[in-house]
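A.B. asks: Return a 3D structure for these sequence lines:
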Amino acid sequence: MSTHSTGPTGRRDQRGPRTVPPQRSRRQQHRPPRPHQWFAERLLAVLSGQRPVHWMLGHTIGDAYDQLAELAPSSPLGTARGSRPVLRHCRGAQPASGVVEAFASITAGDRVRAMAFRLEQGADQRWRCAAVELGGERLTAAGPAAR
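C.D. replies: Predicted coordinates for the structure are as follows:
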């Protein structure tokens, strides 16, 4: 008596091999975030009051740290209703070698805010934030200033 089985020898059920979903390559699985995505998350954490501004020490150049230090206590991306802001989209462009200009949209509850920032790559190959704008307002050492 011969029974036809599609399973391995000794297996009693009649299930056949299953298809395996395609796997992402190792390169795709371990790709580090692009610099503008990483910075957008960091800036959001500081400007929403989730992280202290000194978290950005060493990641800013020029007046950018002073701008953040002046602005951060008011938590401009925080909300009174307690909705935690979330980074929705972040895109970047490279207008010159060693420069990335990026923009991000941030939601908190039913409110959407825009953030733009500039990154510059130093001689040590590290990216640092050189400027930040929120919703068309440039952050200055004196606080938000209309354009």
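
A.B. asks: ok so F39 is a strand residue?
C.D. replies: No: counting by DSSP: H, G, I helix; E, B strand; the rest coil, F39 is not found in a strand; it is helix.

A.B. asks: Might one say that it is in contact with R118?
C.D. replies: No: F39 lies out of contact with R118 (C-beta atoms under 8 Å); the separation is 9.8 Å. For glycine as for every other residue, the C-beta is placed from the backbone atoms N, C-alpha and C.

A.B. asks: anything in contact with each of these two?
C.D. replies: Common neighbours of F39 and R118, counting by C-beta atoms under 8 Å, 6 or more residues apart in numbering, are A102, C129.

A.B. asks: more crowded one of those two?
C.D. replies: F39 (26 against 21; other C-beta atoms under 10 Å).

A.B. asks: wait, what's in contact with the more buried one?
C.D. replies: Here F39 is in contact with H59, A102, F117, L119, W127, C129 (C-beta under 8 Å, 6+ apart).

A.B. asks: so how many other residues sit close to L68?
C.D. replies: Residues near L68, counting by other C-beta under 10 Å: 22.

A.B. asks: what about it, distance to G109?
C.D. replies: 23 Å (C-beta to C-beta, to the nearest Å).

A.B. asks: Contacts for the helix or strand encompassing V132 next, please.
C.D. replies: For V132, the element it lies in under DSSP states H and E is strand 127-134. The contact list for strand 127-134 (C-beta under 8 Å, 6+ apart) reads 35, 39, 43, 47, 56, 58-62, 64, 67-68, 76-77, 100, 113-122, 138-139, 144.

A.B. asks: Can you say which of those are buried?
C.D. replies: Burial by neighbour count, 16 or more other C-beta atoms under 10 Å: within these this picks out 35, 39, 43, 47, 56, 59-61, 64, 67-68, 76-77, 100, 113, 115, 117-120, 139, 144.
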